[in-house]
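**Q** The sequence and its predicted three-dimensional model are supplied below.
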Amino acid sequence: QVGISTYVTEQPTFLTFNEQGKPIEIYNKDIGLQDSWVYSFFENTNSSLWLALDLGISKVEIQSAFRKFDERSGLTGIIRDIVRFNNKFYVATTMGVFYLENNALGFPKFKPVKDILETTPETFLIFTDPTTKKKKLLLGARPGLFEINIDIAKKIDLSDINFSCWNLTQLKSKPTRVYVGITGGLTYIDYKDGNWINAEYVLKEDIKDEIKFIKEDSKGIIWASTSNNFILQIKDNGITHELKRFGVKEGLPISSNIEFFNFGDSLIATTNSGLYLFDYNSNTFAPCTLFKGFDSNLGKGIHKIAK
């Protein structure tokens, strides 16, 4: 890499370039230096870059795989969800949805997605059209259900349902159907011939919970977690649904914000007291012992696991 200290940009800046002369990184006050006036620089044997500044000395880990993005990068609000879609990196925050794009100098900056107003983004879903296999990026917000096309969001309006969304999932057993967990119930929307055609409540009179997370297991059964320490099991028969509630009597600890993970044919729940495994024979949960050498009870407050 080649380093150049320049004063011809909008503010004094230190740039690094590769052997082809393409800029790699930009370092100035916007990314955390005490100030942007770089008078001299030195790379030590550990590949750390030391910068002599007008107001002190800064150390830059130029070989680190980690990069920090915050309001100085155009990203504001509390992070709610992240996703990579069509080679773009999207972030949902309490202040909107942002996507990462290189600016005129070739350096990454976050830009806001347009037409998301007066709502709090909550979760993404990459939906696959079961016929064409084309993918769409959906956003669940409070309130609102949106489809994002590059930098513009379009609201999905289907009914008088108030889609104050917490979580979305596309069913594998019925890939034209997306379940939507909302404040005060569980709903779904259907997709046909390139359009969203239907929106319905699931057992409206029985499910009035705040649905925080939804997952379909390997057997086609839908699981939903609530904000009041219960788990719902739903069997979707197309038009009718079967419901069963799980709680302490079924082996679960008292826990909020439970999430689910499919591990082969097994269903694992993340709880405030570790990982719990569902036994399909006894219809109960018990502490998970699938991961050898790992005591799941030591991991208090496990929130999420991923493969």
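**A** Thanks, I have the structure now. From a predicted model like this one, the values you see are computed outputs, not experimental measurements.
**Q** F261: helix or strand, and which one exactly?
**A** strand 259-263 (DSSP states H and E).
**Q** what's next to stretch 70-87, contact-wise?
**A** For stretch 70-87, the surrounding residues in contact (Cβ atoms under 8 Å, 6 or more residues apart in numbering) are 30-32, 69, 89-96, 98, 108-112, 120-124, 126, 135, 137, 148, 150. Quick note: C-beta positions are derived from backbone N, CA and C, even for glycine.
**Q** Then stretch 215-229?
**A** By Cβ under 8 Å, 6+ apart, stretch 215-229 touches 169, 171-173, 179, 181, 186, 209-214, 231-236, 247-248, 252, 254-262, 264-265, 267, 269, 280.
**Q** cool, stretch 198-211 as well?
**A** Contacts for stretch 198-211 (Cβ under 8 Å, 6+ apart): 158-159, 161, 166-167, 179, 181-190, 224-228, 230, 232, 234, 236, 241, 243.
**Q** isn't there a strand covering D209?
**A** No. Using DSSP: H, G, I helix; E, B strand; the rest coil, the assignment for D209 is coil, not a strand.
**Q** can you count the residues close to it?
**A** By other Cβ atoms under 10 Å, the residues close to D209 number 20.
**Q** swap in F89?
**A** 15.
**Q** Helix or strand for it, just tell me which one.
**A** Assigned by DSSP H and E, F89 falls in strand 88-93.
**Q** what's the burial count for S173?
**A** 12.
**Q** did I read that right, it in a strand?
**A** No. Using three-state DSSP, the assignment for S173 is coil, not a strand.
**Q** what's near enough to touch it?
**A** 216, 220, 236.
**Q** For beta bridges, what are the partners of A286?
**A** L277 (DSSP bridges).
**Q** correct me, but it touches G274?
**A** No. Counting by Cβ atoms under 8 Å, A286 stays clear of G274, with 11.0 Å between them.
**Q** Can you pick out the residue with more neighbours from these two?
**A** G274 (20 against 13).
**Q** Quick check: that one touching F291?
**A** No. Contact criterion Cβ under 8 Å: G274 and F291 do not qualify, at 10.8 Å.
**Q** quick one: the strands in the stretch 201-307 of the chain?
**A** Using DSSP state E, counting those that start in this stretch, the strands of the stretch 201-307 of the chain run over residues 211-216, 222-226, 231-236, 241-246, 259-263, 266-271, 274-279, 284-287.
**Q** JSON lines for these, including mean pLDDT?
**A** Shown next, in JSON lines, are the strands of the stretch 201-307 of the chain (pLDDT from 0 to 100):
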{"stretch": "strand 211-216", "mean pLDDT": "96"}
{"stretch": "strand 222-226", "mean pLDDT": "96"}
{"stretch": "strand 231-236", "mean pLDDT": "95"}
{"stretch": "strand 241-246", "mean pLDDT": "95"}
{"stretch": "strand 259-263", "mean pLDDT": "94"}
{"stretch": "strand 266-271", "mean pLDDT": "93"}
{"stretch": "strand 274-279", "mean pLDDT": "92"}
{"stretch": "strand 284-287", "mean pLDDT": "94"}
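**Q** Can you tell me which of those is most buried?
**A** Among the strands of the stretch 201-307 of the chain, the stretch with the highest mean neighbour count (mean count of other Cβ atoms under 10 Å) is strand 222-226, at a mean of 24.
**Q** Quickly run through the sheet partners of that strand, with directions.
**A** By DSSP bridges, strand 222-226 pairs with strand 211-216 (antiparallel), strand 231-236 (antiparallel).
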